[in-house]
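*Asks:* Need the 3D shape of this:
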Amino acid sequence: QRSLRSHAKMSREERIVPPSNWTYIVRSNSDRITDENSIVYPNYKKTYHSSGSFLSSSQESLGGMCRPGFLIIGQGKCGTSSLYHYLTGHPRILPAKEKQIHYFRYHRSKPLEWYYSHFPTIESFLGRGALMTGEASPGYMPYPTVVEAVAKKLTPDWTPRPGEEGVQAWREHVRSLPKIIAIVRDPISRAVSSYKYNYIEPAMKKLRSGRAVSASGQPIPGNKRESYYRKHHLFSFEELAYAELAMLKECLKPGGRGERWSHSKFGKHPDMFFYDSVQRRSNGE
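*Replies:* I've put the predicted structure just below:
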């Protein structure tokens, strides 16, 4: 009889279907940060030599600062914001001061101290029992130099062992660096989403304001329906896609602009990150 009761209990439990919504799972298993203002971020102060120049990376004062544990590099309109908020919703992960810092693309000339000042202090980590922080900069994805910048900026004093070159020289070393996370999506649906977000929405705001002018310099009337602007003043998704594909075809053809640029940028020096890849492509491998 006890066995029958146990079997009946197990059957009832097995009939409970766990939630499949990832947002619900994260929130139900995490103590959300209800007051992000209580997280302390370092105050960045420029440090100069007596001559007025910046200190080098190895001379910077990074005491009390934390480096990120992950970098979400893109692609845009592929759910990078959702993933970032899912991760920082975990009680062991603290958010950066800004989600998109873009240090390794647009701010590499600034000291590493400036970059680390965007992440919580060690005191915040200890006070909350956190283990990790990170950022999401979708603009990193198209630029291969970002990966090289991450490795070289975060470990400026490291040098490869004698005889090792290119990516292979860094392969073991980069395991200790922040994890690089990339998200992809069906290319067509991603492109349509980008078209709406980066072209239609800003264009409609400008057109409806009444401050827009046509290519011929004539003022465009404001406060019209979206269908009016789409018909008379905006490019369709298909038109923009066709123009971009034509440009890419010209750029990426053998011996084209893209191939020449890649070779000049990465294919001349064996110590470059992507030297081996460029050489294989040049050799038809």
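*Asks:* all strands of the stretch 1-150 of the chain, in order?
*Replies:* Assigned by DSSP state E, counting those that start in this stretch, the strands in the stretch 1-150 of the chain fall at 70-74, 93-95, 132-136.
*Asks:* so which of those gets nearest Val147?
*Replies:* strand 70-74 (8.5 Å; C-beta to C-beta). Bear in mind the C-beta positions are built from the backbone N, C-alpha and C, glycine included.
*Asks:* Direction included, what does the closest one pair against?
*Replies:* Strand 70-74 pairs in its sheet with strand 132-136 (parallel), strand 179-182 (parallel), by DSSP bridges.
*Asks:* circling back to that earlier point, nearest to Pro187, out of the strands of the stretch 1-150 of the chain?
*Replies:* Pro187 sits nearest to strand 70-74 of all the strands of the stretch 1-150 of the chain, at 13.3 Å, using C-beta to C-beta.
*Asks:* now what about stretch 119-127, what contacts it?
*Replies:* 39-42, 64-68, 94, 96-97, 130-131, 133, 135 (C-beta atoms under 8 Å, 6 or more residues apart in numbering).
*Asks:* again with stretch 135-149
*Replies:* Counting by C-beta under 8 Å, 6+ apart, 68, 71-76, 78, 80-81, 83-84, 96, 98-106, 108, 118-119, 180, 182, 266, 272-274 sit against stretch 135-149.
*Asks:* Check which residues of that stretch are buried.
*Replies:* 135-141, 144-149 (16 or more other C-beta atoms under 10 Å).
*Asks:* what about it, start to end distance?
*Replies:* Using C-alpha to C-alpha, to the nearest Å, the end-to-end distance of stretch 135-149 comes to 15 Å.
*Asks:* same thing with stretch 180-198?
*Replies:* 25 Å.
*Asks:* Check stretch 163-176 too.
*Replies:* 21 Å.
*Asks:* Can you report the mean pLDDT over the residues of it?
*Replies:* Model confidence over stretch 163-176, given as mean pLDDT, is 67.
*Asks:* re earlier: separate out the buried members of the contacts of stretch 119-127.
*Replies:* 39, 41-42, 65-66, 68, 94, 96, 130, 133, 135.
*Asks:* Specify which member of the residues you listed is nearest to Tyr229.
*Replies:* Glu135 (35.9 Å).
*Asks:* For that closest one, give the beta-bridge partners.
*Replies:* Leu71.
*Asks:* could I get the strands paired with strand 70-74 as CSV with mean pLDDT?
*Replies:* Formatted as CSV, the strands paired with strand 70-74 follow (pLDDT from 0 to 100):
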stretch, mean pLDDT
strand 132-136, 95
strand 179-182, 92
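*Asks:* any chance of those in a markdown table, with distance to Ala241 too?
*Replies:* Shown next, in a markdown table, are the strands paired with strand 70-74 (distance: least, C-beta to C-beta, whole Å):
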| stretch | distance to Ala241 |
| --- | --- |
| strand 132-136 | 26 |
| strand 179-182 | 23 |
